[in-house]
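**Q** Quick one, what's the 3D model for this:
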Amino acid sequence: MITVNCKHDFPKLTKTRLKLRQITEADLENVYSGLSNPDVIKYYGVNYNSLEATWEQLEWYAELERTRTGIWWAIISAEDNSFCGAIGYNNLSREHKKAELGFWLLPKYWGKGFVQEALEVVLEYAFQKLHLHRIEAFVETENISSQNTLQKCHFQQEGVLRDSEIKNGRFISVAVFSLINNQ
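**A** Numbers count the residues shown, from 1 in each chain. So this is what the prediction gives:
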């Protein structure tokens, strides 16, 4: 069963194997561990080369909450309370009832279905509590794993933005996915 508990106005979401909670200063080392890992950042648009620099990411999460332009959760294993990764929304537009989805996991949690499980409750929150109509995801075309995860959660690929970004000195293409709330 999915429950939503709002303490200090931040929603805590739960699933059988996962707890999603607010990202705090105490998560700095875990966020750095993920966003400095070559395997995690291979297809991710943000990376950090020091613990000090990673404060920028924590400030970004907090700014999204302050400005109400997004919300990100820490993904926590319900079994042992270990930090697994992060998932959330940014570029949230209340006017257009849409937001952009993002997520990442530490490699030791890959292949366990954690993102798909977290997505279920995060999507429910977006559609039922935020009253969004559209969730967008932009995924590097080489990131087949994330594309498969989105498709398992009923996202549809809308197209490809060819050579739309420069990463590591070369152009990359980005696939655009969306999920529409038809309820």
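**Q** least trustworthy helix or strand in the protein by mean pLDDT?
**A** strand 3-7 (a mean of 39; mean pLDDT, DSSP states H and E).
**Q** If you count contacts, what does the biggest helix by length in the chain end up packed against?
**A** Longest helix in the chain, counting residues (DSSP state H): helix 51-67. Secondary-structure packing of helix 51-67 (3 or more CB pairs under 8 Å, 6 or more residues apart in numbering; DSSP states H and E): helix 28-35, strand 71-77, strand 83-93. Glycine gets a C-beta too; all of them are placed from N, C-alpha and C.
**Q** of all these, which lies closest to K15?
**A** strand 71-77 (9.9 Å; CB to CB).
**Q** contact partners of that closest one?
**A** By CB atoms under 8 Å, 6 or more residues apart in numbering, the residues outside strand 71-77 that reach it are 10-11, 13, 17-24, 27, 30, 61, 64-65, 82-90, 92, 102, 105, 109, 114-115, 118, 122.
**Q** chain center to that strand, what's the gap?
**A** Offset of strand 71-77 from its chain centre (CA atoms, centre = their mean, to the nearest Å): 8 Å.
**Q** Tell me the buried residues in it?
**A** Neighbour counts using 16 or more other CB atoms under 10 Å place 71-76 of strand 71-77 among the buried residues.
**Q** related to what we said a few turns ago, so which of the helices and strands packed on helix 51-67 has the densest surroundings on average?
**A** Most buried of the helices and strands packed on helix 51-67 by mean neighbour count (mean count of other CB atoms under 10 Å) is strand 71-77; its value is a mean of 22.
**Q** ok, that strand: who's next to it in the sheet?
**A** Strand 71-77 sits in its sheet next to strand 18-22 (antiparallel), strand 83-93 (antiparallel), going by DSSP bridges.
**Q** Nearest approach to Q147 belongs to which of those?
**A** strand 83-93 (16.0 Å).
**Q** ok and that closest one relative to helix 28-35, angle-wise?
**A** 80 degrees (axes from the mean of the first three to the mean of the last three CA atoms, to 10 degrees).
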